[in-house]
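*Asks:* Here is my input, please return the structure:
(3 chains)
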Amino acid sequence: MQDNSLYEFNDGLSEDALDEDPQSDSILEGLNESQHEAVSAELRNMLIIAGAGTGKTRVLVSRIAWLIKHYHIAPRNIMAVTFTNKAATEMRERLSLMVGNSVQSSLWANTFHSICLRLLRAYAQYAGLVPGFTILDTDSQVSLVKRLMKDMNIDTKEFKPSDIASNISKQKENGIRALAYSKKVSVKSPDYVKVTDRVYTVYEKVCNQENSVDFSELLLRTVELLENNREIRELQHRRFKEILVDEFQDTNSIQYRFLRLIAGPNSHVLVVGDDDQSIYGWRGADVGNMRKFLEDFSDVKQVLLALNYRSTQKILDVANTIIGFNSDRLMEKVLKGNFGEGDKVKILNCANNKVEAATVTDRIAALHDSGVDYRDISILYRNNYLSLDFEQNLLRKHIPFVIYGGQKFFERAEILDAIAYMRILVNEDDDTALLRIINTPSRKIGPKVVEGLRTIASERNCSLIKAIRLLEAHVNSGNVDKTLSSLYKKISVFYELFKALNEKRQNMSLSAFADEMLRMTGLYKYYQEKDFKDGKDTEEHSRYANLGMLISNIKEFEAAPPAEDDSSEENTSESTTEKEKKTEDPLLTYLSNITLVSTGELNEEGGTSNVADAVNLMTMHASKGLEFKYVFLVGFEKDILPSRLCAYSDKSLAEERRLAYVGVTRAKKALFISYAQVRSMFGKSEPTGASSFLRDLVREYKGKQDVPLMIEAVKGYSFY
DNA sequence: ATGTTCCTTCTTTTT
DNA sequence: GAAGGAACAT
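*Replies:* As a prediction, the model looks like this:
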């Protein structure tokens, strides 16, 4: 630092230099012209269009550092919104490297969902929620919908509960409540709409009774909270002066509405996005929000980042060509790199999927032999199930690998059981959780008993736990009705357990309690026996072992609790903005945390960090935002990459092409694209062949000079 | 109430 | 080709 300022002094004698924040300069160091422009711009609304690998995250993080260091914006006045937890974590890490650790606790860098959750926890009463409400994960949401459909005598075969549940979520994401939806439905509406309507109405009511919110509800509730409560809204406006949004092309309608509400008249919003990387249209993401942003926010400065810092030119050429086939682009960006030409992109035409897996594995082994680290290699695919052949081959060759996604740890039955027990302790009205575990492991409480209990609950219009209490009081009053007392006797096994658990958790640490809970409920024993029966007890990821990993995860959580929410710090004169109730219950905090922050596999220690030198396997969706020196795009086939569903649904072909583009642009040094002529799926062998995207590509380069790719036929293969 | 067996369905992608 | 659900048997 000393040397630096001396040098500057000699270099150009300007008075400004005397007052300059010496740390500000280092923020701008090494940025190119447009990056520099974006980072050091005055305080204002901005739209940054950033092509793949153009240093988007770097700009975002540097901008935040600049806001703090140069404009002296307090970290607590900054909100950075990301789309995934992975991105949020990465941003926090890079930020703490740049401006120090202390910033983390007061600066909100989180996903939309977790930001909304924080607001809802702080203002639960104003949002019509009871503090301590639980979050419904997808699995619970579907099981609730299914339960309601059965109650309403709707055929769950004709109408799949998961479809109805996702229809409901879709409505919420468009800000449409059950009542408003009903108004749109007419006699002429298709059946599934009518069913959705009927279920939605009841679903909304039951969620309120159970004091639980699903994922889209988190957003919708918050939007309504801000819309209906001026004081809370203005309090947020005063707090969040600078708002930054990553992956803006992925925002859906409710998220956009949230942004408009959370930003005050004097706040500034900076969004970063790439319309070419919009791959979440299927869940409501609307690229149109980028255009809307220009209209809805005043005086927006636009910056385009097109200089690529990731890939060799040949890889970029291929990427540009692929995306060039899309016609509905917001802005035509041609990525330019500065890492030299590089090798040609290799297209591996394989006889079948076994050959494909063997070839890829062999190339990985060869790369490793030539000094490449496994962690710099990744295998990307369209669908999760395509990973199987590669897993087997890598295993056989003793090549270490990590799979991201796939069956999620927190979606496994045994984990969901454990979580359901925790949920019922935190929020006893959570009937969905209770129904999951009242007879798991089995304690002779069958459908008859449950039905009896549910009858009482619906007569008294109360939750199942309360119904049990009523029943208990009734039986103890000596008013002995034979059927009721036998009902109570059957249920009391569970009720005693419930009381005992509640007792236990008062004076134990969270992890010790969780461990004890698994013992008391019998889940440990139950899954241990189940594993043994299925011959899975020796497996590394046996269900019993997973429960152990859950405990490790809780221990890790205890050791490093998430940043303390300081939203109550804002001291204003308004009397109605009640200070948030400190959510002291560690169990509640843990539950919220895992429901929202649970992507990715846990490692053996129950942690989420990934330090091992291993080949990375994941879907192309999951790869967004990441980069690897060597990338294998596999299963680049007809019916797989433009998904089969494109042919007979409104699935967007352009979005599939963007997905291919995302995959291609992950590669830094070398890219391999492979496909099989024959693929066995579900036991059957089916002819497949190259993706139409590959055909387009080859046609484009036909007869041209300097073609950036080459095709290699891999026919037979000597196995093992 | 629970265990067995057969059946179907599912293979996008995520908070 | 697995995993969960329904139908049937115990």
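*Asks:* contacts and neighbour counts: CA atoms only from here.
*Replies:* OK.
*Asks:* Domain boundaries for chain A, per the record?
*Replies:* The record's domain parsing of chain A by automatic domain parsing lists A:31-122+A:220-305, A:134-210, A:313-407+A:608-714, A:411-560.
*Asks:* Single out the most deeply packed of those.
*Replies:* Ranked by average neighbour count under the criterion mean count of other C-alpha atoms under 10 Å, the domains of chain A are headed by domain A:31-122+A:220-305 at a mean of 20.
*Asks:* Let me see the ranges of the strands in the stretch 401-550 of chain A.
*Replies:* For the stretch 401-550 of chain A, the strands defined by DSSP state E, counting those that start in this stretch occupy A:401-403.
*Asks:* For it, what lies in contact range of DNA strand C?
*Replies:* A:A413 (C-alpha under 7 Å from any atom of the strand).
*Asks:* low pLDDT regions in the stretch 601-720 of chain A?
*Replies:* A:601-611, A:647-651, A:683, A:716-720 (pLDDT under 70).
*Asks:* Get me the contact residues on it for DNA strand B.
*Replies:* A:619, A:621-622, A:643, A:645, A:651, A:682.
*Asks:* I'd like the domains of chain A laid out as a markdown table, including distance to A:L591.
*Replies:* Shown next, in a markdown table, are the domains of chain A (distance: least, C-alpha to C-alpha, whole Å):
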| stretch | distance to A:L591 |
| --- | --- |
| domain A:31-122+A:220-305 | 12 |
| domain A:134-210 | 8 |
| domain A:313-407+A:608-714 | 16 |
| domain A:411-560 | 7 |
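*Asks:* Any idea which residue of chain A lies closest to DNA strand C?
*Replies:* At 4.4 Å from DNA strand C, A:F682 is the closest residue in chain A, using C-alpha to the nearest atom of the strand.
*Asks:* tell me the centre residue of chain A?
*Replies:* Nearest residue to the geometric centre of chain A (C-alpha atoms, centre = their mean): A:T84, 4.4 Å.
*Asks:* so who does it touch?
*Replies:* Neighbouring residues of A:T84 by C-alpha atoms under 8 Å, 6 or more residues apart in numbering: A:T111.
*Asks:* Run through the helices of the stretch 101-250 of chain A in chain order.
*Replies:* Ranges of helices in the stretch 101-250 of chain A, per DSSP state H, counting those that start in this stretch, are A:103-106, A:112-122, A:138-151, A:161-173, A:178-184, A:191-210, A:215-228, A:230-239.
*Asks:* Quickly, which of those helices bottoms out on average pLDDT?
*Replies:* Lowest mean pLDDT of those: helix A:103-106, a mean of 76.
*Asks:* Which other helices and strands does it contact?
*Replies:* On a contact count with 3 or more C-alpha pairs under 8 Å, 6 or more residues apart in numbering; DSSP states H and E, helix A:103-106 meets helix A:85-99.
*Asks:* Quick check: which helices or strands does the helix it packs on pack against?
*Replies:* Secondary-structure packing of helix A:85-99 (3+ C-alpha pairs under 8 Å, 6+ apart): helix A:56-69, helix A:103-106, strand A:108-111.
*Asks:* Kindly recompute the last result at 10 Å.
*Replies:* Here helix A:85-99 touches helix A:22-28, helix A:56-69, strand A:78-82, helix A:103-106, strand A:108-111, helix A:112-122, going by 3 or more C-alpha pairs under 10 Å, 6 or more residues apart in numbering; DSSP states H and E.
*Asks:* so can I have JSON lines of those showing distance to A:A612?
*Replies:* Output for the helices and strands packed on helix A:85-99, formatted as JSON lines (distance: least, C-alpha to C-alpha, whole Å):
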{"stretch": "helix A:22-28", "distance to A:A612": "31"}
{"stretch": "helix A:56-69", "distance to A:A612": "24"}
{"stretch": "strand A:78-82", "distance to A:A612": "26"}
{"stretch": "helix A:103-106", "distance to A:A612": "26"}
{"stretch": "strand A:108-111", "distance to A:A612": "26"}
{"stretch": "helix A:112-122", "distance to A:A612": "29"}
